[in-house]
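Asks: below is the sequence, then the predicted model.
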Amino acid sequence: MNGLRAKSICICSALFLLTLVISSTAVSQTPGVTNNSILLGSCSALDGPARFLGSQTVLGASAYLHYINDQGGVFGRKVQLLAFDDGYDPDKAPACFHRMTKEGVFALGFFVGTPTAAKYVPMAEQEKIPVVGLFTGAQMLYEPLKHYIINVRASYYDETREQVDKLWEANIRKIAVIYQDDAFGKAVLAGVKLALQKHSSAPVALGTFPRNTVEVEAGLKEVMATRPQAVILAGPYAPVAAIEKQAHAGGWHPQFLTVSFVGTEEFIKEAGNDANGTIITQVVPPYDRTEYPAVALYGECLRKYYPATPESFVSLEGFVDAMVIVEGLKRAGKDLTRENFIRAIESIHGMDLGLGPKLELKYSATEHKGFSSVYPTIVRDGRPVQLVDWSSIAN
C-alpha cells in the first residue's frame with residue numbers, strides 16, 4: 001500500500017513538473033515574454049527638431065506603465081519599455097526596427113510620424129509583430145486593414161473634416177493649405193481635399209516646405225498671394241510657428257488651423273503671441289477635463305512619476321495608447337502570445353476608457369481604429385482652450 005502511495009505521488013509530481021515545463025516552454029516561445037516581464041519596444045523622435053513629440057509620447061506611455069507595474073503588473077509580469085530614437089527620419093527606421101527585434105520585444109508602440117510609420121508598418125506586418133499606438137493619423141494605417149497594426153487615435157481625415165465643415169458653417173470658404181512635403185503633409189492635404197469635395201470646393205492655394213526644416217518662406221509667399229480666409233498648416237511645431245510668425249510680421253492675419261501632430265504646447269512656446277487665435281484639433285480631451293477618470297489618472301501619474309514635466313496633449317495620447325496595450329494584455333490572459341493579444345484587442349467593443357462620453361473604444365476583427373472623435377481647441381492668451389462656438393472666428 002505504501003509503495004502504491006509513493007508511486008502515485010511520483011506520478012503526480014511528474015505531471016506537475018511536465019505542466020510547468022509546457023507552460024514555461026510556451027512562454028519562452030513568445031518573444032519578449034517571461035514569467036516576470038513583458039518587453040515592449042518603441043522608435044520615435046527622441047532627438048532632432050521633432051524631439052518634443054517623441055519624448056512626450058514615450059513619457060506619457062511610461063507614466064501609465066509605471067502605474068501598472070506598481071499595481072503588480074499584468075498577471076504578475078512587469079511591463080517594460082525600450083525606447084529608441086529614429087530622429088523622425090524614415091532612413092533611420094529600418095535600423096531602429098531591427099534593433100528592437102534583436103532585443104526580442106513582444107510588441108511595439110508609441111511611434112511618431114507618418115514618414116517613419118510608412119517604413120515600420122510593412123516591416124511589422126512581415127515579422128508579425130503587433131504595433132499599438134502611432135502618433136499619426138495617416139489613412140494608410142487604417143485602409144486597408146492591417147492585422148498587426150492597432151490604431152488608437154482619430155485620423156487626419158477626421159481632423160480635417162472637422163476643420164473644413166466648421167469653417168464652412170462660419171462662412172469661411174476660401175481655404176488654403178501649407179504642408180510639409182512628405183507623407184505626413186500629403187496625408188493631411190488629402191484629408192482637406194476630401195473634406196472640401198463634400199462642399200464642391202478645393203484648396204485655393206497650396207504651399208510646401210521640406211521636412212525637418214523651417215524653410216517656409218517660398219510656400220508661405222505662394223499662399224499669401226491668393227489671400228485666403230483660412231490656412232490649414234500641416235507640420236510639427238517649429239515650421240508651423242515659423243509660418244505664423246512670418247505671416248504676422250508681414251501684416252497678414254488669416255485664420256490659421258493645424259492638426260494634433262503639431263505638438264500644441266511646444267508650438268505655443270515657439271510661436272509666442274503669434275500662436276494666439278490658432279485652431280488646433282486634438283484627438284484626446286483637454287487635460288484639464290479632470291472630471292474624466294482617465295484624464296484625472298493621467299495627471300496623478302505625471303505628478304508622481306515625472307513631477308517636473310507639465311501636462312501636454314502628446315503625453316496624454318501616449319498615456320492612452322499604453323492603456324489600450326495593457327487592456328489587451330489583460331484580456332489576452334496569462335498564456336500570452338502575439339496572436340491572442342491581437343484577438344484580445346479585437347474583443348474590445350464599446351469600452352468606456354474613462355475619457356468622456358465622446359471617446360468609446362471600439363475594435364473588431366475588421367476594424368483596428370479605436371477612436372474617431374476630435375476635440376477642437378483654440379489658443380487664447382497662450383493657452384489651448386476648447387473651441388465650442390466656431391461663429392466667434394468668422395471674418
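Replies: Yep, that arrived. Numbering: from 1, shown residues only.

Asks: for the stretch 151-300 of the chain, what spans make up the helices?
Replies: For the stretch 151-300 of the chain, the helices defined by DSSP state H, counting those that start in this stretch cover 156-169, 183-197, 217-224, 237-249, 264-271, 293-305.

Asks: kindly report the same for the stretch 1-150 of the chain.
Replies: According to DSSP H, counting those that start in this stretch, the helices that the stretch 1-150 of the chain contains are 2-28, 51-70, 93-103, 114-127.

Asks: just the C-alphas of the second one, formatted as PDB.
Replies: Yep, that's helix 51-70 we're talking about. Extracted C-alpha coordinates of helix 51-70, given in PDB (Å, rounded to 0.1, in the frame of the first residue of the first chain):
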ATOM      1  CA  ARG A  51      12.000  65.500 -30.300                       C
ATOM      2  CA  PHE A  52       9.200  67.100 -28.200                       C
ATOM      3  CA  LEU A  53       6.700  64.700 -29.900                       C
ATOM      4  CA  GLY A  54       8.700  61.600 -29.400                       C
ATOM      5  CA  SER A  55       9.800  62.300 -25.900                       C
ATOM      6  CA  GLN A  56       6.300  63.300 -24.700                       C
ATOM      7  CA  THR A  57       4.700  60.200 -26.300                       C
ATOM      8  CA  VAL A  58       7.200  57.900 -24.600                       C
ATOM      9  CA  LEU A  59       6.900  59.800 -21.300                       C
ATOM     10  CA  GLY A  60       3.100  59.500 -21.200                       C
ATOM     11  CA  ALA A  61       3.200  55.800 -22.000                       C
ATOM     12  CA  SER A  62       5.900  55.300 -19.400                       C
ATOM     13  CA  ALA A  63       3.800  57.100 -16.700                       C
ATOM     14  CA  TYR A  64       1.000  54.600 -17.200                       C
ATOM     15  CA  LEU A  65       3.300  51.600 -17.300                       C
ATOM     16  CA  HIS A  66       4.900  52.700 -14.000                       C
ATOM     17  CA  TYR A  67       1.400  52.900 -12.500                       C
ATOM     18  CA  ILE A  68       0.500  49.400 -13.800                       C
ATOM     19  CA  ASN A  69       3.800  47.900 -12.500                       C
ATOM     20  CA  ASP A  70       3.300  49.500  -9.100                       C
END
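
Asks: now for that helix, which elements pack on it?
Replies: strand 37-44, strand 78-85, strand 107-112, strand 131-135, helix 293-305, helix 313-332 (3 or more CB pairs under 8 Å, 6 or more residues apart in numbering; DSSP states H and E). C-beta: built from backbone N, CA, C; applies to glycine.

Asks: for the third one, same thing?
Replies: Packing contacts for helix 93-103, counted by 3+ CB pairs under 8 Å, 6+ apart, involve strand 37-44, strand 78-85, helix 114-127.

Asks: let's see that with 6 Å instead.
Replies: strand 78-85, helix 114-127 (3 or more CB pairs under 6 Å, 6 or more residues apart in numbering; DSSP states H and E).

Asks: the longest one vs helix 51-70, what angle?
Replies: In terms of direction (axes from the mean of the first three to the mean of the last three CA atoms, to 10 degrees), helix 114-127 departs from helix 51-70 by 50 degrees.

Asks: related to what we said a few turns ago, possible to save the helices and strands packed on helix 51-70 as JSON lines with mean neighbour count, mean pLDDT and distance to Arg153?
Replies: Supplementary listing: these in JSON lines, determined by neighbours: other CB atoms under 10 Å; pLDDT from 0 to 100; distance: least, CB to CB, whole Å:
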{"stretch": "strand 37-44", "mean neighbour count": "25", "mean pLDDT": "97", "distance to Arg153": "15"}
{"stretch": "strand 78-85", "mean neighbour count": "18", "mean pLDDT": "97", "distance to Arg153": "19"}
{"stretch": "strand 107-112", "mean neighbour count": "28", "mean pLDDT": "96", "distance to Arg153": "12"}
{"stretch": "strand 131-135", "mean neighbour count": "26", "mean pLDDT": "96", "distance to Arg153": "8"}
{"stretch": "helix 293-305", "mean neighbour count": "18", "mean pLDDT": "98", "distance to Arg153": "14"}
{"stretch": "helix 313-332", "mean neighbour count": "25", "mean pLDDT": "98", "distance to Arg153": "6"}
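
Asks: closest to Val121 out of these?
Replies: Distance to Val121, taken as CB to CB, is lowest for strand 131-135 among these, at 7.1 Å.

Asks: list the contacts of that closest one.
Replies: 57, 108-112, 117, 124, 149-150, 152, 321, 324-325 (CB atoms under 6 Å, 6 or more residues apart in numbering).

Asks: what about it, distance to the chain center?
Replies: In terms of CA atoms, centre = their mean, to the nearest Å, the centre of strand 131-135 is found 6 Å from the chain centre.

Asks: any idea of the angle that strand forms with strand 107-112?
Replies: Here the directions of strand 131-135 and strand 107-112 differ by 10 degrees (the same axes, to 10 degrees).

Asks: follow-up on the earlier one: which of the helices of the stretch 1-150 of the chain comes out lowest on mean pLDDT?
Replies: Lowest mean pLDDT of these: helix 2-28, a mean of 42.

Asks: make a markdown table out of the helices of the stretch 151-300 of the chain and add distance to Tyr142.
Replies: Putting the helices of the stretch 151-300 of the chain into a markdown table (distance: least, CB to CB, whole Å) gives the following:
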| stretch | distance to Tyr142 |
| --- | --- |
| helix 156-169 | 8 |
| helix 183-197 | 11 |
| helix 217-224 | 28 |
| helix 237-249 | 24 |
| helix 264-271 | 23 |
| helix 293-305 | 23 |
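
Asks: wait, which of those is closest to Tyr64?
Replies: Smallest distance to Tyr64 across the helices of the stretch 151-300 of the chain (CB to CB): 6.2 Å, for helix 293-305.

Asks: tell me which residue is most central in the chain.
Replies: Phe135 (2.8 Å; CA atoms, centre = their mean).

Asks: need the contacts of strand 131-135 in a markdown table with distance to Leu302, can you?
Replies: Listed next are the contacts of strand 131-135 as a markdown table, based on distance: CB to CB, whole Å:
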| residue | distance to Leu302 |
| --- | --- |
| Thr57 | 13 |
| Leu108 | 23 |
| Gly109 | 19 |
| Phe110 | 16 |
| Phe111 | 21 |
| Val112 | 19 |
| Ala117 | 26 |
| Ala124 | 29 |
| Ile149 | 28 |
| Ile150 | 24 |
| Val152 | 19 |
| Asp321 | 15 |
| Val324 | 18 |
| Ile325 | 18 |
